[in-house]
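In: when you get a sec, could you give me coordinates for this:
(one chain, ligands or ions: 1)
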Amino acid sequence: MNKLKNYSTKILPCTDTPINKLLSSFTVPSTSSTPAYDLKCSDKSSFEPLQQDEIDFHYKIPPTLMESTIKEITKNAQPEQAVTLTAKVTSGPNVEQKIMKDGTQLPLIKYILSDSTGCIEANSWGTQCDILKTGTSYKFQYIITKSFNNIFYLQVTKRSTIVEVSDIGEVQSSEAHENKTTIGRVLTIHSTLTHHCSSCKKKVTDICKNLVRCPSCKMKQNKSALIANMHTILQLKDKETKFNVEQTALIQFFTNINEKLDILEDSEEIEDFFLELDKDIELEHTQSNQVLSLKLC
Ligand SMILES: [Zn+2]
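Out: Okay, the predicted model is just below:
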């Protein structure tokens, strides 16, 4: 069997039959095994559904293409398994700007998928998954199971295929997976300002002088060229949860209230600002307490 690569931004159109003729694809040398070939699709590619008696060769459904239900995935799957499922997007996209260890920013796009047996979070790095629509059903192939704190989620990778299918009907409510809002006064807070080399993006700690040499890649640069990142953990009064606030959420917040963004250059100032605030703040956050937005009440 050849591997199918979808290079187009379009989702291949819906077919519900297991056997399809692939039209307008072409072969390219395989990236994972030589001398094999992969099949490459473009915007012009499509599927033509076929009946079983229309093909004259034996075929076997590959194990990674065997369908699992969400319940089977969350109960039986091992992490890092490739699975196939048909599910409806019930929430999302939620985009979180993540700061990588090297200081670069990458959007993490999150969806909640539901079928009749349960709900699961699915996410993808970058923009490869930003075309899914809430309320629409899709067949996801070669999507990888991941586990964090014993909670399973699914990761869309470059090898995954997503095909729109007809509506799968009633699905489980995804309420328990959706974002929440918490309101309160800031009780404790800790902001940490880090600087990253503008060449290799690694962390630079010794920045006393105006000209700084990166300890990792040895490139010297002006202090002002370093990439600054403010990470904040805060706790609200009468709540035990500690919330994580990334710089992007703070920039949005301070821009909305017309505060100068210079404040992001001083962790003490950020901490004092929130502690001296004579108002409640409203946090929109994920189930894992990642703050997506802040608002003054
Ligand atoms: Zn460097």
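In: what is the burial count for Glu268?
Out: If you count neighbours by other CB atoms under 10 Å, Glu268 ends up with 9. Just so you know, the C-beta spots here come from the backbone N, C-alpha and C atoms, and that holds for glycine as well.
In: contacts for the helix or strand harbouring it, please.
Out: Using DSSP states H and E, Glu268 sits in helix 267-276. Residues outside helix 267-276 that contact it (CB atoms under 8 Å, 6 or more residues apart in numbering): 186, 189-193, 230, 232, 234, 250, 259, 263-264, 281.
In: hmm, who's touching the helix or strand following it?
Out: Counting by DSSP H and E, the next helix or strand C-terminal to helix 267-276 is strand 281-285. Contacts with strand 281-285, where a contact means CB under 8 Å, 6+ apart, come from 179-186, 236, 243, 274, 291-297.
In: over to stretch 175-190?
Out: Around stretch 175-190, the neighbours that count as contacts under CB under 8 Å, 6+ apart are 91, 94, 112, 119-121, 232-239, 241, 243, 270-271, 274-275, 277, 279-287, 292, 297.
In: buried subset of those residues?
Out: 91, 94, 112, 119-121, 232, 234-236, 243, 270-271, 274, 280-281, 283, 285-286, 292 (16 or more other CB atoms under 10 Å).
In: which stretches of the stretch 51-200 of the chain form strands?
Out: 82-99, 105-115, 118-125, 137-148, 151-156, 161-165, 180-184, 186-196 (DSSP state E, counting those that start in this stretch).
In: now the longest one against strand 137-148, angle please.
Out: The one in question is strand 82-99. With axes from the mean of the first three to the mean of the last three CA atoms, to 10 degrees applied, the angle from strand 82-99 to strand 137-148 works out at 70 degrees.
In: quick check: angle from strand 82-99 to strand 161-165?
Out: Following the same axes, to 10 degrees, one obtains 110 degrees for the angle between strand 82-99 and strand 161-165.
In: check the second one too.
Out: Using the same axes, to 10 degrees, one finds that strand 105-115 and strand 161-165 are set 40 degrees apart in direction.
In: kindly report the residues of the stretch 101-250 of the chain close to the ion.
Out: Cys197, Ser199, Cys200, Cys214, Ser216, Cys217 (CB under 5 Å from the ion).
In: check the residues you listed for burial and list the buried ones.
Out: Buried by 16+ other CB under 10 Å: Cys197, Cys200, Cys214, out of these.
In: and those as a markdown table, adding pLDDT?
Out: A markdown table is the format used below for those (pLDDT from 0 to 100):
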| residue | pLDDT |
| --- | --- |
| Cys197 | 92 |
| Cys200 | 89 |
| Cys214 | 93 |
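In: which one of those residues is nearest Ala36?
Out: Checking those against Ala36 by CB to CB gives Cys200 as the nearest, at 35.4 Å.
In: was I right to think the closest one contacts Asp102?
Out: Yes. Cys200 is in contact with Asp102 according to CB atoms under 8 Å; the separation is 7.2 Å.
In: joint contacts of those two?
Out: Both Cys200 and Asp102 lack any common contact, where contact means CB under 8 Å, 6+ apart.
In: can you give me the end-to-end distance of stretch 57-71?
Out: Length of stretch 57-71, first residue to last, CA to CA, to the nearest Å: 34 Å.
In: check stretch 58-67 too.
Out: Start-to-end, stretch 58-67 (CA to CA) is 20 Å.
In: mean confidence for it?
Out: For stretch 58-67, mean pLDDT is 66.
In: for stretch 164-171, same thing?
Out: Rounded mean pLDDT across stretch 164-171 is 92.
In: so which bits of it are buried?
Out: Under the neighbour-count criterion of 16+ other CB under 10 Å, stretch 164-171 has Glu164, Val165, Ile168, Val171 buried.
In: hey, what's Asn123 bridged with?
Out: Lys110, Gln155 (DSSP bridges).
In: near it, how many other residues are there?
Out: Counted with other CB under 10 Å, residues neighbouring Asn123 total 18.
In: sorry, back to before: of the contacts of helix 267-276, just say which sits nearest to the ion.
Out: Using CB to the ion, Leu193 is the member of those that lies nearest the ion, at 17.9 Å.
In: skipping adjacent residues, who's closest to that closest one in space?
Out: Using CB to CB, 6 or more residues apart in numbering and skipping residues adjacent in sequence, the residue nearest Leu193 is Ser267, 4.7 Å away.
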